[in-house]
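Asker: can't give you the sequence, but here's the structure:
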Ligand SMILES: NC(=O)c1ccc[n+]([C@@H]2O[C@H](COP(=O)([O-])OP(=O)(O)OC[C@H]3O[C@@H](n4cnc5c(N)ncnc54)[C@H](OP(=O)(O)O)[C@@H]3O)[C@@H](O)[C@H]2O)c1
């Protein structure tokens, strides 16, 4: 397949591009080459490349800043995706769009299925939901792939923050009352590959496998253990660590329907984490 990937300098794209390139022809464009908020350039890119699928890895991902940069977040995550959806629709090209567990409010208390009602609790989630809506309203053939707690070797993420703090501090305080599923960019990239090769359009949930009870504190403890760090991890409550944007307290994504539809590969969260940390520490 010929695949156009937007946001090629991002954390996910940096692992997705080499994995897709094993079997496909890629046109990877970063923000300077294709700003998705520029409707004309988006149309031209899709029209000129005529890919078999567009994968949108471009996004505004600053969750706390989004509470004040409302327009920018909506411009990229909402209108930018509208531009891609309109262009894909006009050229009859399927669109694969990456979305988030933050479209849910976290009050369900059991894993979210792709058919659950969305109700974001922060503006980043609102803007990502807008993107999902445009894809659903404007394209006939789409893959919306929701993921959560994403980390990888590139970019800023929780794993790299913990590794950095492990060399600077004797103790870190981490919230123990927000539950979710970490996802390695490598795991997500392989799943995206299998899903876009399937031709089975729809909404997918993709994360690494957990028991549905993993907190940021548990995640941090395992990071420190794998790094061989002596840093103590102290469990705290969300109330003790206020953030500008509210987070869903429980955002585990249910994988069953997605994996029955497309049997993408899956790894245990601890296995995927160990592989990522090994790569980071070796580099
Ligand atoms: N990170 C998470 O924990 C998480 C969790 C769930 C879902 N997701 C979703 O997963 C996807 C990938 O996330 P990620 O962590 O790889 O994000 P990322 O590292 O922030 O990468 C996003 C990329 O998009 C680019 N970009 C921003 N505005 C753009 C525009 N107007 N036009 C073109 N490119 C633009 C950014 O460029 P600049 O660096 O120049 O701004 C960056 O290279 C996103 O859809 C995100 O919402 C992420």
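Answerer: Arrived safely. Given the structure is predicted, the values throughout are model-derived calculations rather than measurements.

Asker: Which phi and psi values does residue 195 adopt?
Answerer: Summarising the backbone geometry of residue 195 under the convention degrees, to the nearest 10, its torsions are phi -70, psi -50.

Asker: Contact partners for the closest residue to it other than its chain neighbours?
Answerer: In space, residue 195 comes closest to residue 262 once its chain neighbours are excluded; the distance is 5.1 Å by CB to CB, 6 or more residues apart in numbering. C-betas here are computed from N, CA, C, even on glycine. Residues touching residue 262, when contacts are defined by CB atoms under 8 Å, 6 or more residues apart in numbering, comprise 194, 195, 198, 200, 204.

Asker: Just give me the closest of those residues to the ligand.
Answerer: Set against the ligand, the nearest of those by CB to the nearest ligand atom is residue 204 (12.5 Å).

Asker: Checking that closest one next. Helix, strand or coil?
Answerer: Using DSSP: H, G, I helix; E, B strand; the rest coil as the criterion, the local structure at residue 204 reads strand.

Asker: I am assuming it contacts residue 143, so please confirm or correct that.
Answerer: Yes: with contacts defined as CB atoms under 8 Å, residue 204 counts as touching residue 143 at a distance of 6.4 Å.

Asker: Quick check: neighbours shared by those two?
Answerer: In terms of CB under 8 Å, 6+ apart, residue 204 and residue 143 are both contacted by the residues residue 195.

Asker: the more surrounded of those two?
Answerer: Neighbours of residue 204 and residue 143, each counted by other CB atoms under 10 Å, are more numerous for residue 204; the result is 26 against 23.

Asker: Now for that one: which residues touch it?
Answerer: Shown here is residue 204, whose contacts under the criterion CB under 8 Å, 6+ apart are 114, 143, 144, 145, 146, 191, 195, 258, 261, 262.

Asker: separation between whichever residue of the stretch 1-150 of the chain sits closest to the ligand and residue 114?
Answerer: Nearest residue of the stretch 1-150 of the chain to the ligand, counting by CB to the nearest ligand atom: residue 10, 2.3 Å away. Distance check for residue 10 against residue 114: by CB to CB, to the nearest Å, it reads 24 Å.

Asker: Who has more neighbours out of the two?
Answerer: Neighbour count, other CB under 10 Å: between residue 10 and residue 114, residue 10 has more, with 22 against 18.

Asker: List phi and psi for that one.
Answerer: Residue 10 has phi and psi values of phi -80, psi 170 when expressed as degrees, to the nearest 10.

Asker: Need the pLDDT of the closest residue to it other than its chain neighbours.
Answerer: Closest residue in space to residue 10, ignoring its immediate chain neighbours: residue 57 at 5.2 Å, by CB to CB, 6+ apart. Predicted confidence (pLDDT) for residue 57: 98.
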